[in-house]
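Asks: The following comprises the amino acid sequence and a computationally predicted model.
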Amino acid sequence: MSDSNNAPRRGNAGLAFIFGGILAGLAIIVFVVFSNGGFGTPDGPQVSVDIDLPRMERPGPPKMPTRPQVVPLEPGLPEPAPPVSGVNRSHPVR
């Protein structure tokens with residue numbers, strides 16, 4: 001009694017499934033290419049949109065502010081302040 005006759009049989013169902021998927025994908029690609037991108041476009045109303053906006057004037061440059069009036073200073077050194085009374089100046093300030 002030999003068990004060689006009861007060996008499991010292997011089928012090609014997986015390979016056939018892969019090959020069928022590739023064929024279906026190729027058929028879809030061929031259809032889209034030869035039909036110019038699909039099933040066609042429906043005939044609808046022709047829509048024309050006109051976008052003409054009024055031309056706006058560009059604003060001019062900003063106006064410069066006026067310069068303030070500068071009073072010229074008199075040349076020379078300022079006068080020293082009068083001495084403060086009641087302050088002992090013999091000790092140095094710390």
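Replies: Alright, I've got the coordinates. Computed from a predicted structure; not experimentally measured.
Asks: tell me the helices in the chain, going along the chain?
Replies: Assigned helices in the chain, in chain order: 13-34 (criterion: DSSP state H).
Asks: For it, give me the ranges with low pLDDT.
Replies: Applying pLDDT under 70 to the predicted model, the residue ranges of the chain that meet it are 1-8, 37-42, 86-94.
Asks: Look up phi and psi at residue 46.
Replies: For residue 46, the backbone dihedrals are phi -80, psi 120 (criterion: degrees, to the nearest 10).
Asks: Repeat that for residue 74.
Replies: Backbone torsions for residue 74, taken as degrees, to the nearest 10, come to phi -80, psi 140.
Asks: residue contacts, it?
Replies: The contact partners of residue 74, taken as C-beta atoms under 8 Å, 6 or more residues apart in numbering, number zero. (C-beta placed from N, C-alpha, C; glycine too.)
Asks: Likewise for residue 69?
Replies: By C-beta under 8 Å, 6+ apart, the contact list for residue 69 is empty.
Asks: Give me the most central residue, this structure.
Replies: Against the mean C-alpha coordinate of the chain, by C-alpha atoms, centre = their mean, the closest residue is residue 51 at 25.7 Å.
Asks: separation between that residue and residue 58?
Replies: Relative to residue 58, residue 51 is positioned 20 Å away (C-beta to C-beta, to the nearest Å).
Asks: again with residue 85
Replies: Computed with C-beta to C-beta, the distance linking residue 85 and residue 58 is 70 Å.
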